[in-house]
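# Turn this into a model:
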Amino acid sequence: MSGRLRILIVDDHPIVRQGIRQTLGDAADVGELGEAATAQQALDLVRQQDWDAVVLDIGLPGRGGLDVLKDIKQERPRLPVLILSMHAEDQYAVRAIRAGAGGYLTKEAAADKLLDAIRRITTGGRFISPDLADLLATELAAGAGGPPHASLSDREFEVLRLIGSGLTVGDIADRFALSVKTVSTYRTRILEKMRMKNNAELMQYVLTNRLLD
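Modelled structure (predicted):
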């Protein structure tokens, strides 16, 4: 990497992208700022141009941010990606780091820490808060003895959270642009892995374990 940083901002909300631009725009070491509003736009820009870092919203509509992260790392394994999320660290951060993210930052903390996080990941480091470091250490120590939802795939975990929020299978299918049959299959796998019988038990689990925002 040489010269000023070229950063791709991926978020489906124009106001959020504008806010990130304002946060980064005055920094002397920041140069080109690109924007993408969808997963496909992000992947196209990653393929077409060279970037020093990607700031990626985990809550993209359709294909989720974790799926996009994996695609980016497949296309450009060395490209640092900072996950920017409205979700607390205990919900998605460990999954994001596992999937190859260079760091995880909540939108609430972004104004103060965004530039530092980008500088960290573009120089080969990782941006991990003390709380996230504790989460990673706890998961490593727990091994197979982690909570039941730790056994779920990333998409299954997202479906679990949405069931917990009261959405129907049809609602979730619309959210992810999937068929009802596919989402029903995810639901069946979740019930099997977590040894539960119905949505009511899943909803109670989500609430008890504070998996919603």
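# From now on I want contacts and neighbour counts done on CA atoms only, so please keep to that.
OK.
# Now do the contacts for residue 169.
163, 180, 183, 184 (C-alpha atoms under 8 Å, 6 or more residues apart in numbering).
# and those, which two are the farthest apart?
Greatest spatial distance in these: 163 and 180, 13.5 Å, computed using C-alpha to C-alpha.
# Pick out whichever of those two has more residues nearby.
Neighbours were counted for residue 163 and for residue 180 using other C-alpha atoms under 10 Å; residue 163 has more, 20 against 16.
# Not counting its neighbours along the chain, what's nearest that one?
Spatially, and ignoring its direct neighbours in sequence, residue 163 is nearest to residue 203 (6.5 Å; C-alpha to C-alpha, 6 or more residues apart in numbering).
# Wait, a strand at the one you found?
No: assessed with DSSP: H, G, I helix; E, B strand; the rest coil, residue 203 is helix; it does not lie in a strand.
# quick one, what contacts it?
163, 164, 165, 166.
# The second one touches residue 208, doesn't it?
This points to residue 164. No: using C-alpha atoms under 8 Å, residue 164 is not in contact with residue 208; the gap is 10.3 Å.
# quick one, which of those two is more surrounded?
When residue 164 and residue 208 are compared for neighbours, residue 164 comes out ahead with 22 against 10, by other C-alpha under 10 Å.
# Against residue 187, how distant is that one?
12 Å (C-alpha to C-alpha, to the nearest Å).
# Could you do residue 26 as well?
Distance of residue 26 to residue 187, computed by C-alpha to C-alpha: 46 Å.
# again, but for residue 135
According to C-alpha to C-alpha, residue 135 stands 26 Å off from residue 187.
# ok, now residue 46?
Separation of residue 46 from residue 187 (C-alpha to C-alpha) stands at 33 Å.
# Return the per-residue confidence for the nearest residue in space to residue 23 that is not next to it in sequence.
Sequence neighbours aside, residue 111 is the residue nearest to residue 23 in space, at 6.5 Å (criterion: C-alpha to C-alpha, 6+ apart). Residue 111 is assigned 78 on the pLDDT scale.
# Quick check, residue 111 in contact with residue 24.
No: between residue 111 and residue 24 there is no contact under C-alpha under 8 Å: 9.4 Å.
# So for these two, which sits in the more crowded spot?
A direct count of neighbours by other C-alpha under 10 Å for residue 111 and residue 24 places residue 24 higher, at 19 against 14.
# What is the least confident helix or strand in this protein?
Between all helices and strands in the chain, the lowest mean by mean pLDDT, DSSP states H and E belongs to helix 130-142, at a mean of 72.
# need the strands for the protein, in chain order.
Along the chain, counting by DSSP state E, strands occupy 5-10, 30-36, 53-57, 81-85, 103-106.
# Could you export these as JSON lines, including mean pLDDT and mean neighbour count?
Converted to JSON lines, the strands of the chain look like this (pLDDT from 0 to 100; neighbours: other C-alpha atoms under 10 Å):
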{"stretch": "strand 5-10", "mean pLDDT": "96", "mean neighbour count": "23"}
{"stretch": "strand 30-36", "mean pLDDT": "95", "mean neighbour count": "17"}
{"stretch": "strand 53-57", "mean pLDDT": "96", "mean neighbour count": "26"}
{"stretch": "strand 81-85", "mean pLDDT": "92", "mean neighbour count": "27"}
{"stretch": "strand 103-106", "mean pLDDT": "90", "mean neighbour count": "24"}
